[in-house]
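Student: Quick check, what structure comes out for this input:
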Amino acid sequence: MKILALFDLAHAVDPSQEFSPESLKEQDKPTEACVLECLNRLGHDVETLAVFDNVPAIVEKLTTYAPDLVFNLSESFHHDRSHEPNIPALLDLMKVRYTGSGPDALLLCKDKALAKKVLAYHRVHSPNFVVSHHAHPLRHLARFNYPAFVKPVGEESSDGISKASFARDEAEALERMRYIHQKFNCDVLIEEYIEGRELYLSVLGNHRLTVFPPRELFFEQVPEDTPKFATYHAKWNEKYRQKWGITNGPAKPLPERMPESLTQLAKKVYRLLKIRGFGRIDVRITPKGDVFVIEANPNPSLAADEDFAQAALNAGVTYDALIQEILNAALA
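Tutor: Residues are numbered from 1 along each chain as shown. Have a look, this model is predicted:
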């Protein structure tokens, strides 16, 4: 097929500039490099387009190249991730097929508070929460169960999450809330902290869904009495991960019948939040065996060494087969 690999950069570039896997690695774009290498291996006719703030360049490229499919790897526009849903919305207007979720799922899931309200309506367990709006910050947290977990409503990839996100009381929660308001200029989600194991459930497809074996986040050298959660450093700082023995891998054994219930839960959340193509559902399991949905991630990272691709590999699906399945889902 003719495929346009569409992705974003943090700066403007010439729309005619073509990118290779090597040049993408130099731009610190490992996911884009992995996908482009794979599309080439699969024998597709692939061109690239990097976007920053140029809508006419997207329209012109779609018109002149006329791809059968856009592999949508864009996450921002004007280097602002709140605009992520607008790229697939433009592709919809131009009646171009593309991989991954549409603007509806991206809008729903990017607003973590709204996604939680949808899930709560359908009786999906997630932590209790309140929202502090940037324009009118909360002054008190009445009748809130501590500890709390404080994070930006709309950021992704653990941006804005650090050890200080764990709040033992109202004073700590409000202090972290004010910091996020100031640094990110956004609303803040203050939710009940769920102690337990953190699992990632990767889902593939549109109507007939495949849920791959769960992955788990491990904290092998973190003291037993220390709260364990995915901070920005815990996800992306390799030296930090090595220091504290933080790894991602196949989930350790689960209680009887829980794997089946997690599969059904992942499918339910995926459908409720209108995710399509591929997505990841993050859950926490308490020591008592209660399961809480933390958040849903449409269009998660597709780098070969990230959880989604590794979960597929655990199920016997090679990286090339996975990327082709994502293309097939977009065509369907």
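
Student: And the lowest-mean-pLDDT helix or strand in the chain, what does it pack against?
Tutor: Within the chain, no helix or strand scores below helix 232-236, which has a mean of 84 by mean pLDDT, DSSP states H and E. Packing partners of helix 232-236 (3 or more C-beta pairs under 8 Å, 6 or more residues apart in numbering; DSSP states H and E): helix 238-244. (C-beta placed from N, C-alpha, C; glycine too.)

Student: how about the CA coordinates for the helix or strand following the helix it packs on, as CSV?
Tutor: The C-terminal neighbour of helix 238-244 among helices and strands, as given by DSSP states H and E, is strand 246-250. C-alpha atoms of strand 246-250 as CSV (Å, rounded to 0.1, in the frame of the first residue of the first chain):
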residue,chain,number,x,y,z
ILE,A,246,12.3,-0.6,38.0
THR,A,247,11.3,-2.9,35.1
ASN,A,248,8.4,-3.8,32.9
GLY,A,249,7.6,-7.4,32.1
PRO,A,250,5.0,-10.2,31.8
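
Student: Going along the chain, name the helices of this protein.
Tutor: 21-26, 30-41, 55-65, 86-93, 103-110, 112-121, 170-184, 232-236, 238-244, 258-272, 307-314, 319-331 (DSSP state H).

Student: possible to save the ones you listed as TSV with distance to residue 151 and mean neighbour count?
Tutor: As requested, these are exported to TSV (distance: least, C-beta to C-beta, whole Å; neighbours: other C-beta atoms under 10 Å):
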stretch	distance to residue 151	mean neighbour count
helix 21-26	29	15
helix 30-41	23	20
helix 55-65	31	14
helix 86-93	23	18
helix 103-110	13	21
helix 112-121	8	17
helix 170-184	7	17
helix 232-236	10	17
helix 238-244	18	12
helix 258-272	19	18
helix 307-314	19	22
helix 319-331	28	18
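
Student: In TSV: those, plus distance to residue 148.
Tutor: Shown next, in TSV, are the helices of the chain (distance: least, C-beta to C-beta, whole Å):
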stretch	distance to residue 148
helix 21-26	39
helix 30-41	32
helix 55-65	40
helix 86-93	32
helix 103-110	22
helix 112-121	14
helix 170-184	5
helix 232-236	18
helix 238-244	23
helix 258-272	23
helix 307-314	26
helix 319-331	37
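
Student: Would you single out the least confident of those?
Tutor: Confidence, taken as mean pLDDT, is least for helix 232-236 of the helices of the chain (a mean of 84).

Student: right, and the helices of the chain - which one's nearest residue 211?
Tutor: When those are compared by C-beta to C-beta, helix 258-272 sits nearest residue 211, at 4.5 Å.

Student: Mind listing residues that contact the closest one?
Tutor: Helix 258-272 has contacts (C-beta atoms under 8 Å, 6 or more residues apart in numbering) with 118-119, 122, 124, 199, 201, 203, 209, 211, 214, 254, 279, 281, 283, 285, 289, 291, 293, 296.

Student: got the angle for it vs helix 112-121?
Tutor: 120 degrees (axes from the mean of the first three to the mean of the last three C-alpha atoms, to 10 degrees).

Student: Helix 258-272 relative to helix 103-110, how many degrees between them?
Tutor: Using the same axes, to 10 degrees: helix 258-272 against helix 103-110 is 120 degrees.
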